[in-house]
Each structure stands twice: as C-alpha cells, then as structure tokens.
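> below are the sequence and a predicted model for it; my questions follow.
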Amino acid sequence: MNLVADTLSLATEQRSLGPTNPVFPLLPALLSGCPVSSKEDMQYPLEVAYDYAAVTRASFRKGSGWNDWQELLPPLHPKMTMPVGGTPLVDVSGVAPRRFRGRGVLVKDESRNPTWSHKDRLNLFTVSAALHEGASTIIVASSGNHGVSAAAMASREGLNCVVLTMPEISPAFRDMILGYGAFPVFLPAEDRWPAMRLLQQIPGTYPVSNLTTVHTGHPWGPEGYKTIAYEILADLDGLVPAAVVVPTGYGEMLYGIYKGFNEARLLGHIDRIPQLVSVEPAARGPLYHAIKAGLSATTVHANPTIQSGTATTVNGYRSVVAMRESKGIPLLVDDEAARAAHAVMARQGLWQEVSSSAAFAALEDIPDLESDGPVVVMGCSTGLKETPSSMQVSVAKADLVSLRAYLKNEYGFDP
C-alpha cells in the first residue's frame, strides 16, 4: 500500500518505542502495541517514522501553517477536510505568578477547535487511517472529548461511529455525540474496553482509541498533536518557549508536543526542546508516580476527582519518554487549586475544563526553569461540556430600585 505517492507526506513506517525499536509498514496501524517487544505486563506504543533527510518545505516561522508541515505528517485521506488547529495563544501574564510575568505566560486555547477540544487534532489522523484501511464504522471508548470528536469526524466523512461510554457522562457530551449521529452505548467504566475488543471482531469496524492495559493508543494519533508545537513556534516566530505545561491523562498530547519540538530541532530550526510540565490530579497521577518510582508505567487507585479530563489510573509509556527527553517536570494539582484556577481563567475570558485549568494552577509549583522564554499553558477544552451543578436562582423585578437591590444582594455589586 503506497499511501504517500500522491501526497507530500514523508512518512515511511511505524516505529516501536519499545526495546530495539522494531519497525513495521505504515499500515495497517498496529492497535495493540508493538507485537515484538510488548509483554503481558507492559505494552509499548508505536509512532510514525519519517524520512527527515528528504524534508525541504518545513518552516516554523511567523506565517507558516499546516501546508508547510505536510511532509512531517501522516498522509491525510482526501475525505478528511475538517479544518483543525490554528488555535490562538492568549496572554494571561497579568494573572500569572509574579515570577513568571516578566517572561510571559500564554494559554494555547484548544477550545477553538471544531468540537471545542484538542482531541480534534488526534482524530483527524486516526479517522484518516480508518478511511485508508477501508473501515465503515469506527469505535471509541470515551467519557468525553475523544468520543465527541470522533463522532464529528466520522459523521463528516460518512462513517458510522459507536461511542462506548458511561451512564454518568456529562449531558453536554451525550447530546453532542447524539447530535453528530453517533451511537452511544452506556456501560460500566470497566466494561468499555472488553466491549471494544468484542465489537472489533465485526468486519468493517475500526477502533480509534486504546485497546491495551498499559495505554498505547493509535500510532497515528500523537502525530496530530505535533502541530501544537509547530503552531507555537510559528506564533512566536521561531522562539522556543521555556516550558509547555500540559494537562496529562494517558500522555498522547504530551508526547506529540515533545515530538513536534524535537523534529524542529532535528531539522535545525531550533536548538533545544522546551521543558514539558505534566499536570495530573493529585488524587491519581499515574505518570507522576511512575516517574518517581523509575517505572515505565504504573497503575493507581481510581480516587475521586473533579479533574475528569485527566483522571486516568494508568499512564502510557509515551509520556515517560516525553518527560525524560525534555527534562520534564511532573506535577500534581489538587481539586481545590484546580477549581480556583478555573475561576481565574474565567476572569480572563477563558472558560476551560477544570482539568485544563489545573495546568494554570501548576505554575505555582514549577521550580526554576533551565531556559529563558515564555511559558505556554495548554487549555484543552471548554468547560461548557462539564456537568453543571444545580443552581436555585432568585427572580428580579424589572424596576430600577429592585434591579440595583438585586445586584447588591446577590453579588455585592452596587452600580
């Protein structure tokens, strides 16, 4: 299958991140980790490899965009036309911890993507792979953003989509999945992956989320996240940030951002990689605990947390690689700090998920950084998708005296 013949892509093969880095054809995508190096208790992910020596078009300066990066991305199926990315950097230096204000703090606002989250970058390429492989139905196990994004991409490209999710899913997520024409199946959380493996046996079905105990995911997924690094460089006209702060679940975005900066370094456009700061809920934090214990992966208890977007119980090996290679800083943020940061972000006009806001809260705990330059904080998704708390409201009367009294009594605001 010569996928790249009619594209600018210089993708060559799938490369394992496991011992000895064995390689495999670009497709079919190996969805259960490396078949050579994986073991029963440890599954290693794969990535897409490229002919970097042949790259001639790549640019990461002001004004560059996705057309300049096609050589460094998997071959996009012609039907994949959803416009993704191009999200802004929003300056929040004025409300950042004082020691960071001089260097600048910028939020990369991924809520501006088509389904309001960073997952659109991943699904642009996983669904593209499904089309290349002739799938008619994609399957995804998700409690939120991933399922919504996959449903939207599938609908646009004429594919069916089954979303294996949980009864307690946010009503906003549920309604978006249904609105895109996908088929949500409500299951206990622990039953979603066995159900996916069963559905995978049906001809024409294609999983676009993880199948393994230690998270490996789809090899093409993090390639979409590389464009975050490319866009940051372009928006900063080639300047490398000192750090990128990343809300982290399984670590696919963390690895994609690392790989994007590393490719720009390998190609001679920059001379260093920013330090990556992973941010996880203090109630869980498998990546944090894996790094502290010197492990490739670990599993933690499913303790309750409001940071639902990053509330994983196992890390992926990709995240360990990204942290090691970027001299990364693993941090934990408790729910109280995340909630407080959520309010600060809202006052900046950024209504983010609580788990995204945790990345801003983590600025308080970042030690001295090795390099100069701004700090970029990843804002992954809109808070509009999260389950709202019930609220009893007082009803005002439409006369000036009553309106002024209402504002003062309810909010302490005296106009």
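Thanks, I have the structure now.

> show me the strands in the stretch 1-150 of the chain, by range?
Counting by DSSP state E, counting those that start in this stretch, one finds strands in the stretch 1-150 of the chain at the ranges 11-16, 23-24, 46-50, 89-91, 105-109, 137-141.

> counting by contacts, list what the second one packs against.
With contacts taken as 3 or more C-beta pairs under 8 Å, 6 or more residues apart in numbering; DSSP states H and E, strand 23-24 sits against strand 11-16. Heads up, the C-betas are built off the backbone N, CA and C, glycines and all.

> what's the separation between residue 169 and residue 398?
Distance from residue 169 to residue 398, counting by C-beta to C-beta, to the nearest Å: 38 Å.

> quick one, which of the strands of the stretch 1-150 of the chain is packed in tightest?
Stretch with highest mean neighbour count among those: strand 137-141 (a mean of 25; mean count of other C-beta atoms under 10 Å).

> for that strand, which strands pair with it and how are they oriented?
Its sheet considered, strand 137-141 pairs with strand 160-165 (parallel), strand 205-207 (parallel) by DSSP bridges.

> give me the contacts around the helix or strand bottoming out on mean pLDDT in the chain.
The helix or strand of the chain with the poorest confidence is helix 192-199; it has a mean of 90 (mean pLDDT, DSSP states H and E). By C-beta atoms under 8 Å, 6 or more residues apart in numbering, the list of residues contacting helix 192-199 from outside reads 139, 141, 162, 164-166, 185, 187, 205, 207, 209-211.

> re the thing from before, neighbour count for residue 169 and residue 398, which is higher?
residue 169 (21 against 6; other C-beta atoms under 10 Å).

> quick check: closest non-adjacent residue to that one.
Closest residue to residue 169 apart from its sequence neighbours, by C-beta to C-beta, 6 or more residues apart in numbering: residue 143 at 6.0 Å.

> who touches the one you found in this structure?
165-166, 169, 173, 189, 308.

> before we move on, which element is the residue nearest to residue 180 when sequence neighbours are not counted in?
Once flanking residues are discounted, residue 180 sits nearest to residue 151: 4.0 Å by C-beta to C-beta, 6+ apart. Secondary-structure element containing residue 151, defined by DSSP states H and E: helix 145-156.

> same question for that helix: list its buried residues.
Neighbour-count burial for helix 145-156, with 16 or more other C-beta atoms under 10 Å as criterion, is recorded at 145-154.

> can you check stretch 225-236 too?
With burial defined by 16+ other C-beta under 10 Å, the residues of stretch 225-236 counted as buried are 225-236.

> stretch 50-70 now?
Of the residues in stretch 50-70, those scored as buried under the neighbour-count criterion (16+ other C-beta under 10 Å) are 50, 55, 58-60, 64, 68-70.

> ok, of the residues you listed, which one's closest to residue 298?
Distance to residue 298, by C-beta to C-beta, is smallest for residue 50 among the buried residues of stretch 50-70, at 31.1 Å.

> would you agree the closest one is in contact with residue 13?
No: with the criterion set as C-beta atoms under 8 Å, residue 50 and residue 13 do not qualify as a contacting pair; they are 9.1 Å apart.

> returning to that earlier point: could the strands of the stretch 1-150 of the chain go into TSV alongside distance to residue 258 and mean pLDDT?
Rendered in TSV, the data for the strands of the stretch 1-150 of the chain read as follows (distance: least, C-beta to C-beta, whole Å; pLDDT from 0 to 100):
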stretch	distance to residue 258	mean pLDDT
strand 11-16	15	98
strand 23-24	20	98
strand 46-50	11	98
strand 89-91	19	98
strand 105-109	15	98
strand 137-141	24	96
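
> out of the ones you listed, which is closest to residue 76?
In this view, the strands of the stretch 1-150 of the chain are compared for proximity to residue 76 by C-beta to C-beta, and strand 11-16 is the closest at 10.5 Å.

> partners of that closest one in the sheet?
Under the criterion DSSP bridges, the sheet neighbours of strand 11-16 are strand 23-24 (antiparallel), strand 46-50 (antiparallel).

> what lies in contact with the last one?
Spelled out, it's strand 46-50. 10-17, 23-24, 26, 30, 33-34, 71-72, 74, 216, 219-220, 222-223, 255, 259, 263, 318.

> low pLDDT regions in the stretch 1-150 of the chain?
Counting by pLDDT under 70, the stretch 1-150 of the chain has low-confidence residues at 1-5.

> can you give me the helices for it?
According to DSSP state H, counting those that start in this stretch, the stretch 1-150 of the chain carries its helices in the segments 98-101, 119-132, 145-156.

> who does the last one touch, helix- and strand-wise?
Okay, so that is helix 145-156. When contacts are defined as 3+ C-beta pairs under 8 Å, 6+ apart, helix 145-156 packs onto helix 119-132, strand 137-141, strand 160-165, helix 171-179.

> ok, 10 Å please
Contact partners of helix 145-156 among helices and strands, from 3 or more C-beta pairs under 10 Å, 6 or more residues apart in numbering; DSSP states H and E: helix 119-132, strand 137-141, strand 160-165, helix 171-179, strand 183-186.

> what's the angle from it to strand 160-165?
For helix 145-156 against strand 160-165, the angle between stretch directions is 170 degrees (axes from the mean of the first three to the mean of the last three C-alpha atoms, to 10 degrees).

> so for stretch 276-286, what gets flagged as buried?
Neighbour-count burial for stretch 276-286, counted by 16+ other C-beta under 10 Å, picks out 276-286.

> thank you kindly, that will do.
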